[in-house]
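> I would like the atomic coordinates for the input below:
(one chain, ligands or ions: 2)
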Amino acid sequence: MKTYLVTGAAGFIGANYIKYILGKHDDVKIVILDALTYAGNLETISQDIDNERCFFVKGNICDRNLADQLFADYKFDYIVNFAAESHVDRSIENPQLFLQTNILGTQNLLDAARRAWVTGKDENGYPTWRKGVRFHQVSTDEVYGSLGAEGYFTEETPLCPHSPYSASKTSADLIVMAYRDTYKMPVTISRCSNNYGPYHFPEKLIPLIIKNILEGKRLPVYGDGTNVRDWLYVEDHCKAIDMIVRNGKDGEIYNVGGHNEKQNIEIVKLTIATIHQIMTEQPEYRSILKKKEMTPDGQISIDWINDSLITFVKDRLGHDQRYAIDPTKITRELGWTPETKFEDGIVKTIRWYLDNQKWVKNVTSGEYQNYYENMYKNR
Ligand code: NAD
Ligand code: DAU
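Residues are numbered from 1 along each chain as shown. Ligands and ions are numbered 1, 2, ... in the order given. Next comes the predicted model:
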């Protein structure tokens, strides 16, 4: 049995990850630690928590006593740290929270692991570690900054973050590496590109665009829409993390991405076209639409679902132009390759949102309305 502490698993990627490893391995026991911020939602994982293989603890990764208690109660083999404030736009509004959670929270978990996992000292004074343990930090390609039209991020690309979010994630990576170098702690780091898929919170581009189309609202595209992101289906990211946690090399960093670069405007246009097509083929989905204009033959009209919904709005401050990952190392060393083609993944994702409107309603019923108002009213 391998016992995991998975933090932030009530959020988008963490939830997909626990579903993935529970399905893939029989030998896993998971303790989820999540503060249930606006981005964490128990409904997302309620089917997975069975109190035999998967337990849920509500709490903050910055809480030292709680972390020590968890390490005392469970003999963790692996820590996989997803918990973070993850949205760049929110980090521009409130940087301090990002520094607290993303940097100090990570450091708190590293220290709790150190207190629990160190078995003694070697002849040079370095700590010795319980066999088979590992701390995995889920990081991001944003630590590398922004690319021009050419080139890719490799693990050797200098760190050059621009937003408070990416600076906090970079700092966390540096702390993790400092624990590797100073204490020889068994750590790994993954740096992935933009994920998409089920349970993605509708503050992020793809789920926000889907939600707005269904509500007949304008589709806000920052700047001129030419910024490029490298999109990866979330399950492919989960598979990469699983491979790294189980088979990666101690102390190594792995970039994860599927060579799937798209301009934001392409993503928005594709989402519009896909929703239009699904609703043409399966008119029963039209009942979800808030705007109920009727066609002469008595059907709910979808004629208005077109590119005229797009509105170019004020750009994000410090907006990175292009991200693109070179995943050669993880492919060569661990045999990882993405399985989901973007054309299939985006249709699967849109269908998931059409079929899970209750989830969307629930996760956006709280502070989301205020957030949306404030973020977009003057744009
Ligand atoms: P998310 O915002 O959807 O989820 C974050 C989760 O962390 C939520 O469940 C939230 O409740 C929890 N959390 C926040 N602060 C906490 C705290 N102080 N203590 C305990 N729990 C806390 O984020 P996501 O998109 O799933 O991202 C997960 C991780 O992956 C993050 O570390 C992010 O930096 C990284 N990442 C994300 C992407 C992406 O495209 N979304 C890509 C690469 C890396
Ligand atoms: O690259 C990995 C990162 O991807 C992760 O580390 C972050 O946690 C994750 O949030 C994501 O960051 P981005 O800033 O790239 O994602 P977001 O969905 O916020 O924006 C994607 C692009 O779309 C970006 O260029 C900004 C633009 N955008 C976004 C929103 C929300 C718009 O044009 N309009 C919008 O309304």
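
> okay, CA-based contacts and neighbour counts for the rest of this
Fine.

> which other residues reach stretch 112-129?
Stretch 112-129 is contacted from outside by 64, 67-68, 71-72, 130, 133, 135, 182-186, using CA atoms under 8 Å, 6 or more residues apart in numbering.

> so how far is the first residue of that stretch from its last?
13 Å (CA to CA, to the nearest Å).

> for the closest residue to ligand 1 within the stretch 201-350 of the chain, grab the count of nearby residues.
The stretch 201-350 of the chain approaches ligand 1 most closely through residue 201 (5.9 Å), counting by CA to the nearest ligand atom. For residue 201, the count of nearby residues is 22 (other CA atoms under 10 Å).

> strands of the stretch 251-379 of the chain, residue ranges please.
With DSSP state E, counting those that start in this stretch as the criterion, the stretch 251-379 of the chain has strands at 253-256, 261-263, 310-313.

> most tightly packed of those?
strand 253-256 (a mean of 26; mean count of other CA atoms under 10 Å).

> can you list the strands that it pairs with?
If you go by DSSP bridges, strand 253-256 pairs up with strand 187-192 (parallel).

> is any residue of the partner strand near ligand 1?
Yes: contact of strand 187-192 with ligand 1 (CA under 6 Å from any ligand atom) involves residue 192.

> contact partners of that strand?
134-141, 173, 176-177, 180, 237, 241, 244-245, 248-257, 325.

> again, 6 Å this time
134-141, 250-257 (CA atoms under 6 Å, 6 or more residues apart in numbering).

> ok, and which of those reach ligand 1?
Within those, those near ligand 1 by CA under 6 Å from any ligand atom are 138-140.

> neighbour-wise, give me the winner out of those residues.
residue 139 (24 neighbours).

> what helix or strand is that residue on?
Residue 139 belongs to strand 134-140 when assigned by DSSP states H and E.

> what parts of the stretch 1-150 of the chain come near ligand 2?
So far as CA under 6 Å from any ligand atom goes, the stretch 1-150 of the chain lies against ligand 2 at 86-88, 140-142.

> farthest-apart pair in these, please.
87 and 141 (13.8 Å; CA to CA).

> circling back to that earlier point, hey, C-alpha coordinates of the helix or strand just after the strand holding residue 139 in CSV?
Next helix or strand after strand 134-140 toward the C-terminus (DSSP H and E): helix 164-183. The C-alpha trace of helix 164-183 is given here as CSV (Å, rounded to 0.1, in the frame of the first residue of the first chain):
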residue,chain,number,x,y,z
PRO,A,164,2.6,37.6,-8.6
TYR,A,165,1.2,34.1,-9.2
SER,A,166,4.1,32.9,-11.2
ALA,A,167,6.6,34.6,-8.9
SER,A,168,5.1,32.8,-5.9
LYS,A,169,5.2,29.4,-7.8
THR,A,170,8.8,30.1,-8.8
SER,A,171,9.7,30.8,-5.1
ALA,A,172,8.0,27.6,-4.1
ASP,A,173,10.1,25.7,-6.6
LEU,A,174,13.3,27.3,-5.3
ILE,A,175,12.4,26.4,-1.7
VAL,A,176,11.8,22.8,-2.8
MET,A,177,15.2,22.7,-4.6
ALA,A,178,16.8,24.3,-1.5
TYR,A,179,15.5,21.4,0.6
ARG,A,180,16.9,19.0,-2.0
ASP,A,181,20.3,20.6,-2.0
THR,A,182,20.5,21.4,1.7
TYR,A,183,18.9,18.3,3.3
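
> contact partners of helix 164-183?
Residues contacting helix 164-183 (CA under 6 Å, 6+ apart): 88, 91, 95, 99, 102-103, 126-127, 142-143, 161, 185.

> switch the cut-off to 8 Å
By CA under 8 Å, 6+ apart, helix 164-183 touches 85-88, 91-92, 95, 98-99, 102-104, 106-107, 110, 126-127, 137, 139-140, 142-143, 159, 161, 185-187, 189, 251.

> can you check stretch 21-35 too?
1-10, 18, 40, 52-61, 83, 242.

> got the contact list for residue 145?
Residue 145 neighbours (CA under 8 Å, 6+ apart): 159-162, 320, 323.
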